[in-house]
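**Q** The sequence and its predicted three-dimensional model are supplied below.
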Amino acid sequence: MTRIRRTLTFLAAATALTMGFTVGTAGPAAAFGGESLQCKVLDSGAGYTEGYCQNGIGGYSYYIDFVLFGAQPGYSFSWTIPTNYRRIVQGCTALTNYCMIEVGRGAAERTVSVTYSNGTQTASRTVTAGIEPWCGTQWC
């Protein structure tokens with residue numbers, strides 16, 4: 001139970017930092033279409049990456065955070081997430097530039113897309129997260 005509480009505390013802090021970073025990096029002069037969809041497998045030790053991210057440690061389940069960096073206030077979002085996930089942890093709505101899902105262990109890739117718009121402008125971004133199975137301290 002302590003690990004679950006630590007994980008949830010970590011997730012809340014990570015999301016707060018992500019949201020603060022997202023708002024802080026995109027000023028009013030940012031051009032539409034320059035946004036970047038990135039992902040991070042939490043507890044992997046890696047930062048957010050564009051294109052592909054993956055787990056760096058073994059576990060029973062994983063939280064994958066997908067964030068559209070550079071999104072401006074007033075954008076709307078439409079998230080497309082795969083069916084092979086346990087639950088949506090937070091976000092993944094028309095009002096959020098982030099989508100966090102929980103997935104189980106075992107080899108699988110999860111490709112997530114977001115279509116976003118601001119008035120008449122629309123764009124889409126895609127990123128993939130890979131979960132590799134672990135046997136002890138190595139990938140199986």
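**A** Received it, and whenever you're ready, just let me know what you need.
**Q** Tell me the buried residues in the helix or strand in which Tyr62 is found?
**A** According to DSSP states H and E, Tyr62 maps onto strand 61-69. Residues Tyr62, Tyr63, Ile64, Asp65, Phe66, Val67, Leu68, Phe69 are the ones in strand 61-69 that count as buried (16 or more other CB atoms under 10 Å). C-betas here are computed from N, CA, C, even on glycine.
**Q** Give me the contact list for stretch 40-53.
**A** For stretch 40-53, contacts defined as CB atoms under 8 Å, 6 or more residues apart in numbering pick out 7, 10-11, 14, 18, 36-39, 54-57, 59, 62-65, 67, 69, 127-131.
**Q** any idea how far Thr120 is from the most centrally placed residue in the chain?
**A** With distances taken as CA atoms, centre = their mean, Phe66 lies nearest the centre of the chain, 1.5 Å away. As judged by CB to CB, to the nearest Å, Phe66 and Thr120 stand 25 Å apart.
**Q** what ranges do the helices span in the protein?
**A** All helices of the chain, identified by DSSP state H, fall at 2-25.
**Q** tell me which helix or strand of it sits lowest on mean pLDDT?
**A** Least confident element among the helices and strands of the chain, by mean pLDDT, DSSP states H and E: helix 2-25 (a mean of 40).
**Q** Residue ranges in the chain under the pLDDT threshold?
**A** 1-30, 135-139 (pLDDT under 70).
**Q** Try it again at 50.
**A** 1-29 (pLDDT under 50).
**Q** give the contact list for Gln38.
**A** Tyr48, Thr49, Glu50, Cys53, Phe66, Val67, Phe69, Val127.
**Q** would a markdown table of the residues you listed with distance to Tyr98 be doable?
**A** Output for those, formatted as a markdown table (distance: CB to CB, whole Å):
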| residue | distance to Tyr98 |
| --- | --- |
| Tyr48 | 11 |
| Thr49 | 15 |
| Glu50 | 15 |
| Cys53 | 14 |
| Phe66 | 7 |
| Val67 | 5 |
| Phe69 | 10 |
| Val127 | 12 |
